[in-house]
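>>> what would the 3D arrangement of this be:
(2 chains)
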2 protein chains.
Amino acid sequence: METDGGAGNVVRNKKLMLKDYIKGSPKESDLHLTTESIELKVPQGSNAVLVKVLYLSIDPYQYIRSTKIEKPGYFSSYSPGSVMASYGVGRVLESGHPDFKKGDLVWGTTGWEEYSLITEPETLFKIQHSDVPLSYYLGVLGMPGLTAYVGFYAFCAAKKGETVFISSAFGAVGQLVGQLAKLTGCYVVGSAGSQEKVDLLKNKLGFDEAFNYKAEKNLDDTLKRHFPGGIDICFDNVGGKMLDAVLLNMKLNGRIAHCGMISQYTLDEPEGIKNMMNIIYKRLRLEGFVVTDYFHLFPKFLDFMLPCIREGKIVYMEDISEALESCPAALVGLFNSSNLGKKVVIVARE
Amino acid sequence: METDGGAGNVVRNKKLMLKDYIKGSPKESDLHLTTESIELKVPQGSNAVLVKVLYLSIDPYQYIRSTKIEKPGYFSSYSPGSVMASYGVGRVLESGHPDFKKGDLVWGTTGWEEYSLITEPETLFKIQHSDVPLSYYLGVLGMPGLTAYVGFYAFCAAKKGETVFISSAFGAVGQLVGQLAKLTGCYVVGSAGSQEKVDLLKNKLGFDEAFNYKAEKNLDDTLKRHFPGGIDICFDNVGGKMLDAVLLNMKLNGRIAHCGMISQYTLDEPEGIKNMMNIIYKRLRLEGFVVTDYFHLFPKFLDFMLPCIREGKIVYMEDISEALESCPAALVGLFNSSNLGKKVVIVARE
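Reported below is the predicted structural model:
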């Protein structure tokens, strides 16, 4: 541990700051690295928890929160000039909260920095099972995993034999939804942004079919080719043109679970969805959900997912970068399909 | 009954034919009147029912079926050159079906003509209660009434105290949804296309508030004015810009029942809906339904609605025209807000 000129337990703390609200596609230069001193203790009398950050999660919502949100709804903007934040895994260095003690491994919302003082420790989860990779708590065993679990079981409510389409299927959530759908006995097709991902979806994750949306001229035709009888369930992570094509290809009484609309986030104005009449003609149900409403299900979810991982029923693909400095490139990569699986940054190896 | 030169039971039968698929806004000249002879008997051995048409219903779906539907889904096109059709009330003149006998009053799908041979009499309902106006079986006691009943109770599932917005609120369905919402104890606001309708919604139908969408500059601002705390439930009959404004103003966990999108039917290309991200942020449920899926609930619905009418809990406003010849103008009127309530045409007074 680097100390700071004899001031006792004071160290240098690198952190990534948001320069200003991001407009359009994110660029690495939208963030800047700074170094501050931090005393490795929690303020006296507070219930805060100080963690050493080990892993950081890179997710599309961090882009949304980096833009200027005029009408705060579910998301509020990060303040320009402040440190970025995301889900992270860390080791507790000091704790003012009775649920956490020095040495505990935790996951929860942390800063994009080496040492993070968590002032709302009720948002932290203690990591109890160390037989799986720690980074999994940012993916298959964390927020994306719970998103897939809740979205698929509560909202899609798929039955054996139904047809399922997953957009952004190689993303942190999509790859799990596809595997859950296969476990249920569904026919599963996913879309992704490269041939490499398409091959992995089919050969590694067990999807029945997959396609590279960038190589398709007409998404309506593409979906008709893969679903000649139509789609029962769509787990939509993309929105925009993909959603419009999906609406044309849903079956009667189909369900669309809206988890994200990544194709729209970087646009000045969202694309208009034109095929809404299909909601009526086909008696469709569209439903949006936000995983934080379901964090109370986390223990139940772990009971389900941990055995699936241990028994190899669920596999999980991560794209891991080294060092805090790689976070900006990782965020940019989410929007150009360059990440190959759930994007995680290793900040420290303890 | 006019007879046809001694040919026994043969009469002249005026009918309205669709000239060609309608494009854009409907015009009276899209239909033409013709007269044919008809023998007032059902074909030997058939189970058809011959009715004298008394009332015809004019509904937006008749426009949809008059356009060229490239990809038949719920609706199929009327054939150019064939007689128009809609729900109608008639008196049975002769019947080959055991459920119907001469003299019965029925409602169901009939031609836009004076005498209609119903070859699928299983789609007819016998009218049992003659203490209410016969035309009500085309409105509050017929397809629109069942639509409002199913849509409001099954899809909106409103609770006392919730806020409800109804677009096209003075239409055949909307005026009933608003009254059902008031019976449930909701705060109810409707939109309509004229000040006269707005006044009637508030003063005659008991809506808490109403507005003339044609007089509003910005529908988002309008909805914010009427729903400062947001909308729990939207019963949408309009789609397009109105739906986009609704999405901006829904509350968390709001529900939108999609019944129709009349603003879109006459457009070459539908307006794009841009505020879809609100489905996720606000955890909205959007659901489309088609009333014909619920015709099995008709007896239960009658048990509910007949007492409401008799006790004055539900009032119903009709806009009635005389003579088959007025049907084309009535259809056109649906799309320029000129009808003042459920549009019905009296073809004959028996």
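>>> please enumerate the strands of the stretch 1-150 of chain A.
All strands of the stretch 1-150 of chain A, identified by DSSP state E, counting those that start in this stretch, fall at A:10-18, A:31-39, A:49-57, A:85-95, A:105-111, A:115-118, A:125-126.
>>> what helices or strands is the third one leaning on?
The reference is to strand A:49-57. strand A:85-95, strand A:105-111, strand A:115-118, strand A:342-346 (3 or more C-beta pairs under 8 Å, 6 or more residues apart in numbering or on different chains; DSSP states H and E). Every residue, glycine included, has its C-beta placed from N, CA and C.
>>> what's the offset of stretch A:281-299 from the middle of its chain?
Centroid separation between stretch A:281-299 and its chain, computed with C-alpha atoms, centre = their mean, to the nearest Å, is 15 Å.
>>> got the CA positions of it in CSV?
Only the C-alpha atoms of stretch A:281-299 are listed here, as CSV (Å, rounded to 0.1, in the frame of the first residue of the first chain):
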residue,chain,number,x,y,z
TYR,A,281,-54.1,-6.9,-34.0
LYS,A,282,-51.9,-9.5,-32.3
ARG,A,283,-53.0,-8.9,-28.7
LEU,A,284,-49.5,-8.3,-27.5
ARG,A,285,-48.3,-7.5,-24.1
LEU,A,286,-45.3,-5.2,-23.7
GLU,A,287,-43.8,-4.8,-20.3
GLY,A,288,-40.9,-2.9,-19.0
PHE,A,289,-39.1,-3.7,-15.8
VAL,A,290,-36.2,-2.5,-13.7
VAL,A,291,-34.1,-5.0,-11.8
THR,A,292,-33.6,-2.9,-8.7
ASP,A,293,-37.3,-3.5,-7.9
TYR,A,294,-36.5,-7.1,-7.5
PHE,A,295,-33.4,-7.1,-5.4
HIS,A,296,-35.4,-8.7,-2.6
LEU,A,297,-35.4,-11.9,-4.8
PHE,A,298,-31.6,-12.0,-4.8
PRO,A,299,-31.2,-14.8,-2.2
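>>> phi, psi of residue A:103?
Dihedral angles of residue A:103 (phi, psi; degrees, to the nearest 10) stand at phi 100, psi -20.
>>> please tell me I have it right and it contacts residue A:91.
Yes: contact criterion C-beta atoms under 8 Å: residue A:103 and residue A:91 qualify, at 6.9 Å.
>>> and residue A:270, how far from residue B:129?
Separation of residue A:270 from residue B:129 (C-beta to C-beta, to the nearest Å): 50 Å.
>>> same question, residue A:161
As judged by C-beta to C-beta, residue A:161 and residue B:129 stand 45 Å apart.
>>> in stretch A:43-56, what counts as buried?
A:47, A:48, A:49, A:50, A:51, A:52, A:53, A:54, A:55, A:56 (16 or more other C-beta atoms under 10 Å in any protein chain shown).
>>> and for stretch A:90-110?
A:90-97, A:100, A:104-108, A:110.
>>> ok, and the closest non-adjacent residue to the residue in the stretch 151-300 of chain A positioned nearest to chain B?
Nearest residue of the stretch 151-300 of chain A to chain B: residue A:272, at 1.3 Å (C-beta to the nearest C-beta). Distances taken as C-beta to C-beta, 6 or more residues apart in numbering or on different chains place residue B:272 nearest to residue A:272, at 1.3 Å, with adjacent residues excluded.
>>> does the one you found touch residue A:274 like I think?
Yes: between residue B:272 and residue A:274 there is a contact under C-beta under 8 Å: 5.2 Å.
>>> reformat the strands of the stretch 1-150 of chain A as CSV; add distance to residue B:215 and mean pLDDT.
As requested, these are arranged in CSV below (distance: least, C-beta to C-beta, whole Å; pLDDT from 0 to 100):
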stretch, distance to residue B:215, mean pLDDT
strand A:10-18, 43, 96
strand A:31-39, 48, 96
strand A:49-57, 50, 98
strand A:85-95, 46, 97
strand A:105-111, 47, 96
strand A:115-118, 53, 97
strand A:125-126, 53, 94
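>>> what distance do you get for the spatially closest residue to residue A:127 that is not a sequence neighbour to residue A:90?
Take residue A:127 and drop its neighbours on the chain: the residue closest to it by C-beta to C-beta, 6+ apart is residue A:105, 4.1 Å away. Using C-beta to C-beta, one gets 8 Å for the distance from residue A:105 to residue A:90.
>>> likewise residue A:142?
Taking C-beta to C-beta, one finds residue A:142 at 13 Å from residue A:90.
>>> can you list residues touching both of the two?
residue A:107 (C-beta atoms under 8 Å, 6 or more residues apart in numbering or on different chains).
>>> what about the residue lying closest to residue A:168 once chain neighbours are set aside, neighbour count?
Once flanking residues are discounted, residue A:168 sits nearest to residue A:237: 3.8 Å by C-beta to C-beta, 6+ apart. Residue A:237 has 27 neighbours, counted by other C-beta atoms under 10 Å in any protein chain shown.
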